[in-house]
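>>> With the input below, show me the fold.
(chains A and B)
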Amino acid sequence: MANAREVKLRIRSVKNIAQVTRALQAVSASKVQKAMQAMYRTRPYATKAWQVLTHVAAQPGRGVLHPLLAEREQVKNTLIVLISGDRGLAGAYNSNIVRFTLQKFGSYHHPAKFITIGRKGRDLMFRRGQEILAEFSNLPAAPEFADVSAIGHLAVDEFLSGNVDEVYLVYTDFVNMVKQIPTVKKLLPLEVDSGEGRVEAFGVEQHGPEATYIYEPGQEQLLDEIVPRFTALQVYQAVMESLASEHAARMVAMKNATENATELSAALQLEYNKARQQSITSEMLDIAGGAEALAQS
Amino acid sequence: MPIRCEIVSQDRLIFEGDADSVLLPGTEGEMGILPNHAPLLSTLSFGVIKVRLQNHEEIFTVAGGVVEVQPKIITVLANRAENVREIDVARAEAARRRAEKILAEGPPPDSDSFLRMEAALRRSQLRLDAVRRYRQGRRTEVPSMMEDRG
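Below is the predicted model of the structure:
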């Protein structure tokens, strides 16, 4: 049995840890609320924008409508926009999204390049020897569209210049406080599947497109304006979803850590009491033995 | 048969409902949309959207955006939009004064912020105009409006 003083030190350190994790839990709890509100505020717009885009893309002859809608005959290079967190201590949040990405694209049939958002994703991908085209980290706590629109535009530019032939977006979809799902979404060229059960943007139903559109002003001008912007908007929404997911994951992780620490400190306390009692017992025995010896002599 | 109308701005859902007709400020001029309109995609300019419902009319200001029309649904993706009833007149008035003052104060520091201020001015002007025109019977609540008309 460990000696009482050592156990006491351990108790103290475990309690300190519990205090820290409890504070982090409280902070994350308030952050997740804010992030969720922001996410739900922007969700309708992003969803509708995505719907409009899919309608546009579902028209016959989409390839000639706009270069961003055109499927390439041969896909040689793939670009993946990976959204992760800047900070750790968020449970499996960062490793989940990275593992998911590597499963999907790690041994992809043609080269994949990455744009990473968040320090953790960058570091982990770098360590795995993946090619990183650009990285964005230290996003503000509550990003505006202007803060991330550059990321979407970079993806669009890479696609237009022919450096890459398809662009995927990997992010963590926020379902609820305890459930966040790593999700992959094809960003460019727009994926259109007229059938049922398509992988849908941020979970909303679809109403079928009809005939070709009338454009006002001209088709080219209009599509030039909205397609890149709405694509960038999808990145923004994905960032918002991921942010809420990160805070939720961190909150749950910290809650578990606090509980574990409390449990551990209780177990240690018991051990300490035992050790203390034992030392008293042995001291008593010593004294008693000594007294006995004196009496006999 | 009504047409579904949804208006969203970048930060929230503004309006959702079944309308009899919708009047929109397209960049190429005003557009009136009735149910079963042909599919249309258009950009919007600064102006007001009038949504006619069964027995009343809802009016919104919009500061640019995009509209998608399908035979049964109109989706307005507004850069900014507000229901006229929600417009805070005092704030809009203050915003307009501020923007005007800054624009009047000689050379703007850089074109970017100049454009921003100009846009802000146009927005608050639009809001005030819309309130003036469409919020009848409520003017007495708003002292600054009285001065303006006097």
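>>> Nearest spatial neighbour of the residue of the stretch 151-297 of chain A found nearest chain B, chain-adjacent residues omitted?
At 3.8 Å from chain B, A:Glu216 is the closest residue in the stretch 151-297 of chain A, using C-beta to the nearest C-beta. For every residue, glycine as well, the C-beta is placed using N, CA and C. Once flanking residues are discounted, A:Glu216 sits nearest to B:Ser42: 3.8 Å by C-beta to C-beta, 6 or more residues apart in numbering or on different chains.
>>> hey, what's the one you found bridged with?
Note on B:Ser42: beta-bridge partners A:Glu216, B:Val67, judged by DSSP bridges.
>>> what's around the residue in the stretch 51-200 of chain A that chain B sits nearest to, how many residues?
Across the stretch 51-200 of chain A, the shortest distance to chain B (C-beta to the nearest C-beta) belongs to A:Val52, at 4.6 Å. Around A:Val52 there are 22 other residues, counting by other C-beta atoms under 10 Å in any protein chain shown.
>>> who are the neighbours in contact with it?
Neighbour list for A:Val52: A:226, A:230, B:41, B:66, B:68, B:75, B:77 [criterion: C-beta atoms under 8 Å, 6 or more residues apart in numbering or on different chains].
>>> roughly how far apart are the nearest residue to the third one once chain neighbours are set aside and A:Ala238?
To tie it back to what came earlier, the one meant is B:Leu41. Excluding its sequence neighbours, the residue lying closest to B:Leu41 (C-beta to C-beta, 6+ apart) is A:Tyr213, at 4.7 Å. Noted for A:Tyr213: a distance of 27 Å to A:Ala238, by C-beta to C-beta, to the nearest Å.
>>> hang on, isn't the residue nearest to A:Glu216 packed against B:Val67?
Yes: between B:Ser42 and B:Val67 there is a contact at 5.4 Å, judged by C-beta atoms under 8 Å.
>>> okay, and the common contacts of these two?
Residues touching both B:Ser42 and B:Val67 (C-beta under 8 Å, 6+ apart) are B:24, B:26.
>>> where's the spatially most central residue of chain B, which helix or strand?
The centroid of chain B falls nearest to B:Thr61 when counting by C-alpha atoms, centre = their mean (1.2 Å). Taking DSSP states H and E as the definition, one finds B:Thr61 inside strand B:57-70.
>>> Can I get that strand in CSV? Just the C-alpha atoms.
Only the C-alpha atoms of strand B:57-70 are listed here, as CSV (Å, rounded to 0.1, in the frame of the first residue of the first chain):
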residue,chain,number,x,y,z
GLU,B,57,-50.3,42.5,-47.7
GLU,B,58,-46.9,42.0,-46.2
ILE,B,59,-44.2,44.4,-47.2
PHE,B,60,-40.5,43.9,-46.9
THR,B,61,-37.5,45.9,-47.7
VAL,B,62,-34.7,44.1,-49.5
ALA,B,63,-31.1,45.2,-50.1
GLY,B,64,-30.2,43.2,-53.1
GLY,B,65,-30.2,39.4,-53.5
VAL,B,66,-31.4,36.7,-55.7
VAL,B,67,-34.8,35.2,-56.4
GLU,B,68,-35.6,31.8,-57.8
VAL,B,69,-39.1,31.3,-59.1
GLN,B,70,-40.6,27.9,-59.6
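>>> Now it: buried residues?
Going by neighbour count (16 or more other C-beta atoms under 10 Å in any protein chain shown), the buried part of strand B:57-70 is B:58-70.
>>> hmm, back to that, how many residues are close by the residue of the stretch 151-297 of chain A closest to chain B?
With other C-beta under 10 Å as criterion, A:Glu216 counts 19.
>>> mind listing what it touches?
Counting by C-beta under 8 Å, 6+ apart, A:Glu216 touches A:222, B:26-28, B:31, B:40-43.
>>> Out of the contacts of A:Val52, who's the most crowded?
Within these, most neighbours by other C-beta under 10 Å means B:Leu77, with 29 neighbours.
>>> could you measure it against A:Trp50, distance?
From B:Leu77 to A:Trp50 the distance is 11 Å (C-beta to C-beta).
>>> next one: A:Leu270
Going from A:Leu270 to A:Trp50 by C-beta to C-beta gives 57 Å.
>>> Please say which of those two ends up with more neighbours.
Set side by side, A:Leu270 and A:Trp50 show more neighbours around A:Trp50, with 22 against 11, by other C-beta under 10 Å.
>>> isn't the more buried one right next to A:Ala232, touching?
No: contact criterion C-beta under 8 Å: A:Trp50 and A:Ala232 do not qualify, at 12.0 Å.
>>> Where does residue 101 fall, secondary structure wise?
This is for chain A. Taking DSSP H and E as the criterion, A:Thr101 maps to helix A:93-105.
>>> wrong chain, I was asking about chain B
Assessed by DSSP H and E, B:Lys101 sits inside helix B:89-104.
>>> so what secondary structure elements neighbour that helix?
If you count contacts as 3 or more C-beta pairs under 8 Å, 6 or more residues apart in numbering or on different chains; DSSP states H and E, helix B:89-104 packs onto helix B:111-134, helix B:143-149.
>>> residue boundaries of the helices in chain A?
Counting by DSSP state H, chain A has helices at residues A:4-57, A:62-65, A:93-105, A:119-127, A:145-160, A:219-296.
>>> Which secondary structure element of chain B has the lowest mean pLDDT?
helix B:143-149 (a mean of 43; mean pLDDT, DSSP states H and E).
>>> Spell out which residues of chain B are next to chain A.
B:6, B:8-13, B:26-28, B:31, B:38-43, B:66, B:68, B:70-73, B:75, B:77 (C-beta under 8 Å from any C-beta of the partner chain).
>>> which of the residues you listed count as buried?
For the residues of chain B next to chain A, a burial check counting by 16+ other C-beta under 10 Å picks out B:6, B:8-10, B:13, B:26-27, B:31, B:39-43, B:66, B:68, B:70, B:73, B:75, B:77.
>>> who's in contact with the closest residue to A:Glu220 other than its chain neighbours?
Leaving aside its chain neighbours, A:Glu220 sits nearest to A:His66 (7.7 Å; criterion: C-beta to C-beta, 6+ apart). Counting by C-beta under 8 Å, 6+ apart, A:His66 makes contact with A:56, A:220, A:223-224, A:227.
>>> For stretch A:262-276, buried residues please.
A:264-265, A:268, A:271-272, A:275.
>>> go on, stretch A:272-289?
When burial is assessed from 16+ other C-beta under 10 Å, stretch A:272-289 yields the following buried residues: A:272, A:275.
>>> Could you report the neighbour count for the residue nearest to B:Gln125 when sequence neighbours are not counted?
Once flanking residues are discounted, B:Gln125 sits nearest to B:Arg96: 5.9 Å by C-beta to C-beta, 6+ apart. Residues near B:Arg96, counting by other C-beta under 10 Å, number 19.
>>> So B:Arg96 versus B:Val89, what's the distance?
10 Å.
>>> my read: A:Gln130 touches A:Ala112, true?
Yes: counting by C-beta under 8 Å, A:Gln130 touches A:Ala112, with 7.4 Å between them.
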